[in-house]
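1. no FASTA, just this:
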C-alpha cells in the first residue's frame, strides 16, 4: 500500500482526501516501531469484533483513512448511547418545560374560548398564538423522544425572542431556566466512567467507553435539510499536555533506540508507557486540522437504533 503521507489518497475510494499529516512530520524511531506493530495487528485483527475506538484509531492514525466517520462506523448500542447523552442534557430543565407546557396549554385553551365567544380583544395576537403553538408542539415532540429545531431554539442559551413577560415573570422563572448548550462534554459521561491510565489497553468494551474514546466531546444540531439530529466534528488529537506546566510535551527523540528511551519524555500521569507513546504518536501525526471529519446522523429522534453496522477494512 502506498505511503499516504505522500499521495494523500483515501484508501477506500482512491480519490484525493484531506492532508494526511502536517508538513515536515518525521516519525521517530519509537513512532515507527509503534506504527509497524499496529499495522501488523490491523492486518490480522477482526474488524467486526474490534472495539470501535480501537478500529477508528487504527483506520485513521495508522492506515490514514480520511473518509467521514458516520453512523455506519458505530454499533447500534453506541449510537443509542450518543442519543442518551444528548437526552440527558435536558434532564435539569424538564421541570421548567412542564411548567411552560402547562402554561401554554392553558393560554391556548383560553384563546380558543375567547375566539368562540368573539372576544377578540382578550384573545392572543397572531404572533403570540403561533409562537405558543410551536413551543407547545416542540415540548410534546421532545416528550415523545424527538428533538426538533423549534425545541433547540426554545432551549437555546441565546434565545432570539423575548418570552420574558409570558414565561419568566408570570411563572417566576429566571432567564436560564430553559438554557441548554448544544454540546456534550466529558462531564456528561458521569463519574461512573473513570477511565484511568490502567484501563486504556482494554477500554472500549462498553458503548460508554467506545463513545468516550472516539467522539469524546461533541456538538450536535438539527440538519436543516433533513431535519435529523447530527453530530459534526473532527476526529483528531490535541498534542499531549504536561499537566504540571500546561505546555505541550516534546516529541520523543528521533534517535531513540528503544521505546523505553522515549518514555521519560512524557508525563507520568498520562498513562502507561505504551499508552503515552501511542498518544504522543497520534498527537503528532493527526493534530487538529489534519483529522478525519465526523458526520454522524442519529435520525429523527432519540429512539433505539436497529440496523447492525458492517465495518469496512482499511489498509488491506
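-> Right, received. Where do you want to start? Here the structure is a predicted model, which is why all the values come from computation and not from measurement.
2. For residue 185, grab the count of nearby residues.
-> Using other CB atoms under 10 Å, residue 185 has 12 other residues around it. Bear in mind the C-beta positions are built from the backbone N, C-alpha and C, glycine included.
3. Give me the distance between it and residue 77.
-> The gap separating residue 185 from residue 77 is 22 Å, by CB to CB, to the nearest Å.
4. With residue 190 instead?
-> From residue 190 to residue 77 the distance is 17 Å (CB to CB).
5. Looking at the two, which has the bigger crowd around it?
-> Taking neighbours as other CB under 10 Å, residue 190 and residue 77 compare with residue 77 leading, 14 against 11.
6. does residue 234 have beta-bridge partners, and which?
-> In this structure, residue 234 bridges to residue 293 when assessed by DSSP bridges.
7. what residues are up against it?
-> 288, 291-294 (CB atoms under 8 Å, 6 or more residues apart in numbering).
8. for residue 227, same thing?
-> When contacts are counted by CB under 8 Å, 6+ apart, residue 227 touches 148-149, 300.
9. now the strands: where do they sit in the chain?
-> Applying DSSP state E to the chain gives strands spanning 183-184, 218-222, 229-235, 241-242, 247-248, 292-297.
10. what is the orientation angle of the longest one with strand 292-297?
-> When you say that, I think you mean strand 229-235. Here strand 229-235 points in a direction 170 degrees away from that of strand 292-297 (axes from the mean of the first three to the mean of the last three CA atoms, to 10 degrees).
11. Strand 229-235: which residues count as buried?
-> Residues of strand 229-235 classed as buried under the neighbour-count rule (16 or more other CB atoms under 10 Å) are 229-231, 233, 235.
12. Would you mind measuring from residue 211 to residue 218?
-> Taking CB to CB, one finds residue 211 at 9 Å from residue 218.
13. quick one: which of the two has more around it?
-> Neighbour comparison, residue 211 and residue 218: the larger count goes to residue 211, with 26 against 21 (by other CB under 10 Å).
14. Can you verify my assumption that that one contacts residue 82?
-> Yes: counting by CB atoms under 8 Å, residue 211 does reach residue 82; the two are 5.8 Å apart.
15. shared neighbours of those two, anything?
-> With contacts taken as CB under 8 Å, 6+ apart, residue 211 and residue 82 have residue 74 as neighbours in common.
16. quick one: the helices in the stretch 51-200 of the chain?
-> 52-57, 76-88, 94-116, 126-143, 149-154 (DSSP state H, counting those that start in this stretch).
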